[in-house]
Structures are given as C-alpha cells and as structure tokens.
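S.K.: Would you be able to build a 3D model of this:
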Amino acid sequence: MTNTTTLIANNAQQTSASGLNNHQSALKFITCGSVDDGKSTLIGRLLVDSKAVLQDHLAGVQRQGETDLALLTDGLSAEREQGITIDVAYRYFATEERKFIIGDAPGHEQYTRNMVTAASSADAAVVLVDATKLDWKNPHLALLPQTRRHSLLAHLLRVHSLVFAVNKLDAVEDPVLAYQHILGALQSFAQAAGITVRATVPISALKGWNVVDAHAGWCGYQGPTLLQVLQELPNTPADTALPLAFPVQWVEKFSSSSVTSQGRRVFWGRVASGTVAPGTQVQIFPSGQLANVAQVLDHARRPKDVAAGTSAGIILDREVDVSRGDWIVAAPTAAAAPADDDFGDTPAAVPAWPARRELNTTIAWMDDEPLVAGRVYWALHGHRWVKAKVKAVVHKLNINTLAEEPATQLDPNAIGHVDLLLQEAIPAAAFGHARVLGALILVDTASHKTAGAVLVN
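M.R.: Residues are numbered from 1 along each chain as shown. Here you go, the predicted structure:
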C-alpha cells in the first residue's frame with residue numbers, strides 16, 4: 001500500500017504547478033461501502049466542517065436538537081423515511097486548495113448499479129469501513145461483503161485512487177487495536193486483489209475526528225486527515241498519449257458561407273484520446289475519407305491545440321460529410337512491407353483505431369429483466385447508436401472475489417463477461433487501454449431504459 005506521506009510529497013509540486021482552483025483540478029470522488037457505514041454522515045461532516053453549508057440549510061436538518069448530517073445528502077423522501085441512500089446524490093464544496101464533487105453511492109446490494117454509474121466517472125473512491133460491524137479483536141477478521149464488492153468494482157472500473165476510511169472507531173473499546181487489525185485485513189485484501197490503496201485513515205464521521213480536523217495521536221495514527229489526503233489525490237489522467245479519437249457531438253455551420261480556403265463547418269465534441277492540432281491528418285469514421293485539420297477551437301472558441309478530456313471544435317481543410325455520431329480519428333499509418341516480399345507490393349495502411357463488430361465485453365447489468373443470449377439492444381458508443389445482439393453470456397463474475405462462474409444469464413445488478421455482435425462496426429478498443437473508446441451503454445429497444453454498462457475487454 002502506498003505510504004500517505006509519500007503520496008502527498010509526490011503530488012504537492014505537481015498540484016501546485018497545475019493551478020488548483022480550475023475546473024480541471026476539481027476532484028470527483030464517491031463514497032461507498034456497506035449499508036449504514038456512515039457514508040452520508042461523512043459527506044455531511046465534510047460539508048459542515050469545510051463551511052460549505054448555509055445556516056438555513058443546516059437548520060433544516062435538525063432532529064431533536066441535534067444535526068443529522070446524513071440528511072444533507074439524502075434528498076429523496078424515501079431516503080429520509082427509510083434512513084438509507086437509494087440513488088447517487090452529488091454535492092459540491094471547495095477549500096482554499098481545491099474544488100470537490102462528491103457522489104454519495106448507496107450501500108445496498110440491490111443498488112449496485114447506482115454505485116457502478118457513479119464510479120464510472122470518478123477520480124477517486126472513499127470506501128468506508130464500519131469498525132463496529134467487524135470482529136475487530138480478531139487479527140484475522142473478515143471484511144464485510146460490500147466492502148470487498150465496492151472496492152473490487154472501483155478497481156474494475158479503473159477508478160484512479162482508492163482510499164479506505166475506517167469509521168466509528170470512537171464506538172469501540174480499544175480503537176488502537178481495532179484500527180491495527182482492520183488495517184491489516186484491508187492490506188491483505190488489497191494485496192490479494194491487486195488493488196493499490198492510496199491511504200487508510202481512522203475517522204469518526206459523527207464527531208469529525210480526522211475528517212477535516214486532525215485528532216492527534218488517535219488510534220496511534222499520525223498521518224494526514226481524510227480531507228488532506230483528498231486534496232492531494234491526482235485527477236484521472238487523460239489518454240493523451242494515444243492516437244487521436246474525437247466523437248462528433250454537434251455540427252455547426254459558419255455564419256458566413258463565403259469561406260473557401262477551408263471547410264465551412266465546425267465539428268464540436270470532447271477529445272476522447274490523443275491531441276488535435278492544426279495540420280493533423282485525420283480520417284472520418286465510418287466514411288473513411290481523409291482530411292487535414294485546418295483549425296482547432298477550444299471551448300471558448302479560441303484557436304488552441306486541444307488534448308484528451310477537453311472539449312474542442314475542429315475545422316477541416318475541405319468539405320467532408322461528417323454527422324453527429326461519426327468519429328474523427330488519426331489517419332492510418334503505412335505498414336512496413338515484409339522482408340521476403342519480392343514483388344514490392346505496397347501493404348495496406350493500418351488504421352489507428354480498427355473497427356470491430358464482435359466485442360468481448362464485461363457488462364454491469366442494470367435492467368430489471370435479465371440479460372440472456374439472443375436479445376437485441378441499442379448500443380451507444382461515443383455519440384453513435386448501433387444495434388447490438390447478445391451472442392452469449394460467457395461467465396458471471398462473483399462480485400465478492402471477481403472469480404468467473406458459469407452462467408446463462410445476468411440478473412439485475414450482476415456483472416459478467418458477454419459476447420456482443422454489432423449491426424455495424426465501431427472503433428472500439430479495450431477499456432483498459434482507452435476509457436472512452438472502450439465504454440458503451442445498452443438501451444432497451446422497447447422501454448428505452450438504460451439496461452447495461454459495457455466495458456470492452
């Protein structure tokens with residue numbers, strides 16, 4: 001496990017240089033874990049102690065003379081009635097050093113799909129561990145299934161940073177012993193699962209210890225508070241080192257149609273991978289037409305090179321038929337001729353992002369109807385819709401261990417390996433290689449409900 005002090009030292013210079021209070025450095029993180037581990041209370045404590053809650057809002061969550069911090073995030077009437085989190089609630093706050101976007105993910109197993117949705121776009125995950133629910137006197141204690149499940153799901157979804165927050169240690173007899181044993185169990189689990197953990201912090205969300213303000217020496221812990229750890233976590237790195245891939249979201253025509261030196265349309269979207277700059281040779285998918293980039297505009301319409309993760313407008317050097325849902329990708333590269341080729345034939349160019357119709361995927365199933373072979377769904381890749389047929393359910397993942405188990409269908413909230421056949425080829429890549437090109441969603445053709453989150457293997 002990464003030493004927290006080293007983490008902060010390594011990131012301090014980079015964070016300072018990048019300018020902390022811009023939109024790029026805002027950290028988007030989720031809180032997850034088992035039911036009643038204190039996730040909503042923790043977020044409430046972060047908001048209150050960082051002075052991010054107005055007094056009238058704070059007065060509205062008083063219960064019997066005391067502040068119920070969990071009500072600051074549980075906004076649905078059903079959540080307040082049942083005292084549980086059902087849907088993901090997002091809250092925003094900022095310190096002098098950084099801005100934060102928090103997602104409060106539900107802990108119930110039946111709402112695993114909500115947690116997956118929140119984790120798919122998060123930079124970090126804070127997994128809460130309730131010390132009072134564990135056999136903390138046992139040095140070989142077993143973690144709760146949801147602690148393991150949410151940690152593994154965050155790892156599967158490539159959440160860049162994972163932090164364990166051991167909560168409610170103020171409610172056990174020997175907090176020092178409890179923290180030592182729980183820390184050992186978390187380290188063993190993370191090592192076995194191949195998960196890199198940024199920090200493990202003992203906290204009391206109810207009392208505020210080690211959340212925003214330090215409680216020196218408590219549990220024998222001398223490290224930074226949870227907020228200090230979060231302030232130094234890096235954002236998820238964009239796929240800037242990969243070839244250009246740009247999904248077209250909107251086509252804008254110039255107000256003046258008299259320009260003939262370049263194309264008269266701006267193609268807007270967010271760069272999925274690589275960097276786009278004037279002079280870049282590109283290919284349009286699916287038409288295969290080639291062109292050069294004449295001009296690149298940033299989100300404020302200023303001429304500027306734009307890298308992955310940032311919105312851009314692209315103007316080509318000539319008129320090319322491009323519509324919403326098309327991709328602008330790096331032009332194919334020439335392949336080297338085989339050494340034993342006596343005829344000197346020119347080999348076919350190699351596309352930067354080869355198109356594929358058959359996909360081996362991992363799917364987090366969200367629909368109430370099970371996923372079975374033979375069903376047809378709409379698949380959304382970038383901004384392109386294609387029909388997708390389920391060829392086979394290969395395996396179901398045990399979401400406590402990620403072990404593969406035989407299966408013929410995926411039930412709601414299940415995750416498994418599924419083979420898909422698309423009606424049209426798309427420039428898909430492995431999710432582990434390129435996040436945007438490796439992600440799709442499946443939508444039911446009749447109900448139009450989002451049915452599954454797809455990661456390309």
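
S.K.: which parts of stretch 189-196 are buried?
M.R.: Applying a neighbour-count criterion of 16 or more other CB atoms under 10 Å, one finds 189-190, 195 buried in stretch 189-196. Backbone N, C-alpha and C define where each C-beta goes, glycine included.

S.K.: what do you get for stretch 269-282?
M.R.: Quick answer for stretch 269-282 (16+ other CB under 10 Å): 269-276, 280, 282.

S.K.: re the thing from before, Serialize the buried residues of stretch 189-196 to a markdown table and add fields for secondary structure.
M.R.: Below are those laid out as a markdown table (DSSP: H, G, I helix; E, B strand; the rest coil):
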| residue | secondary structure |
| --- | --- |
| 189 | helix |
| 190 | helix |
| 195 | coil |
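
S.K.: could you dump stretch 260-280 to PDB, C-alpha only?
M.R.: Taking C-alpha atoms only, stretch 260-280 is exported to PDB below (Å, rounded to 0.1, in the frame of the first residue of the first chain):
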ATOM      1  CA  THR A 260     -13.400  28.600 -49.500                       C
ATOM      2  CA  SER A 261      -9.900  28.100 -48.100                       C
ATOM      3  CA  GLN A 262     -11.200  25.500 -45.600                       C
ATOM      4  CA  GLY A 263     -14.300  23.700 -44.600                       C
ATOM      5  CA  ARG A 264     -17.300  25.800 -43.600                       C
ATOM      6  CA  ARG A 265     -18.400  23.700 -40.600                       C
ATOM      7  CA  VAL A 266     -17.200  23.200 -37.000                       C
ATOM      8  CA  PHE A 267     -17.400  19.800 -35.500                       C
ATOM      9  CA  TRP A 268     -17.800  20.000 -31.800                       C
ATOM     10  CA  GLY A 269     -17.200  17.300 -29.200                       C
ATOM     11  CA  ARG A 270     -14.800  16.200 -26.500                       C
ATOM     12  CA  VAL A 271     -11.500  14.700 -27.400                       C
ATOM     13  CA  ALA A 272     -11.500  11.100 -26.300                       C
ATOM     14  CA  SER A 273      -7.800  10.400 -26.800                       C
ATOM     15  CA  GLY A 274      -4.700  12.000 -28.200                       C
ATOM     16  CA  THR A 275      -4.300  15.700 -29.100                       C
ATOM     17  CA  VAL A 276      -5.700  17.600 -32.000                       C
ATOM     18  CA  ALA A 277      -3.800  20.400 -33.600                       C
ATOM     19  CA  PRO A 278      -3.800  22.200 -37.000                       C
ATOM     20  CA  GLY A 279      -2.100  20.100 -39.700                       C
ATOM     21  CA  THR A 280      -3.100  16.800 -38.100                       C
END
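
S.K.: between the buried residues of stretch 189-196, which is closest to residue 32?
M.R.: Comparing these against residue 32 with CB to CB picks out residue 195 as the nearest, at 13.5 Å.

S.K.: out of the buried residues of stretch 269-282, who's nearest residue 47?
M.R.: Distance to residue 47 across these (CB to CB) is lowest for residue 270, with 29.4 Å.

S.K.: Spatially nearest residue to the closest one, not counting backbone neighbours?
M.R.: Excluding the flanking residues, the one nearest residue 270 by CB to CB, 6 or more residues apart in numbering is residue 311, at 4.9 Å.

S.K.: dump the residue contacts of that neighbour.
M.R.: Residues near residue 311 by CB atoms under 8 Å, 6 or more residues apart in numbering: 268-271, 298-299.

S.K.: Dihedrals phi and psi, it?
M.R.: In terms of degrees, to the nearest 10, the main-chain angles of residue 311 are phi -70, psi 150.

S.K.: that older thread, out of the contacts of residue 311, which are inside strands?
M.R.: 268-270 (DSSP state E).

S.K.: Any chance of JSON lines for the buried residues of stretch 269-282, columns pLDDT and distance to residue 111?
M.R.: Converted to JSON lines, the buried residues of stretch 269-282 look like this (pLDDT from 0 to 100; distance: CB to CB, whole Å):
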{"residue": "269", "pLDDT": "97", "distance to residue 111": "32"}
{"residue": "270", "pLDDT": "97", "distance to residue 111": "29"}
{"residue": "271", "pLDDT": "97", "distance to residue 111": "33"}
{"residue": "272", "pLDDT": "97", "distance to residue 111": "29"}
{"residue": "273", "pLDDT": "97", "distance to residue 111": "32"}
{"residue": "274", "pLDDT": "97", "distance to residue 111": "36"}
{"residue": "275", "pLDDT": "97", "distance to residue 111": "38"}
{"residue": "276", "pLDDT": "97", "distance to residue 111": "39"}
{"residue": "280", "pLDDT": "96", "distance to residue 111": "44"}
{"residue": "282", "pLDDT": "97", "distance to residue 111": "42"}
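
S.K.: now these in TSV, with distance to residue 175?
M.R.: Listed next are these as TSV, based on distance: CB to CB, whole Å:
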residue	distance to residue 175
269	51
270	46
271	48
272	46
273	46
274	49
275	50
276	53
280	58
282	59
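
S.K.: Walking through this structure, point out its helices one by one.
M.R.: 4-18, 39-49, 55-59, 77-82, 112-119, 145-156, 175-193, 226-232 (DSSP state H).

S.K.: Any idea how far the fifth one is from the middle of the chain?
M.R.: In other words, helix 112-119. 10 Å (CA atoms, centre = their mean, to the nearest Å).

S.K.: next one: stretch 275-287
M.R.: Stretch 275-287 has its average C-alpha position 27 Å from the chain's average C-alpha position, going by CA atoms, centre = their mean.
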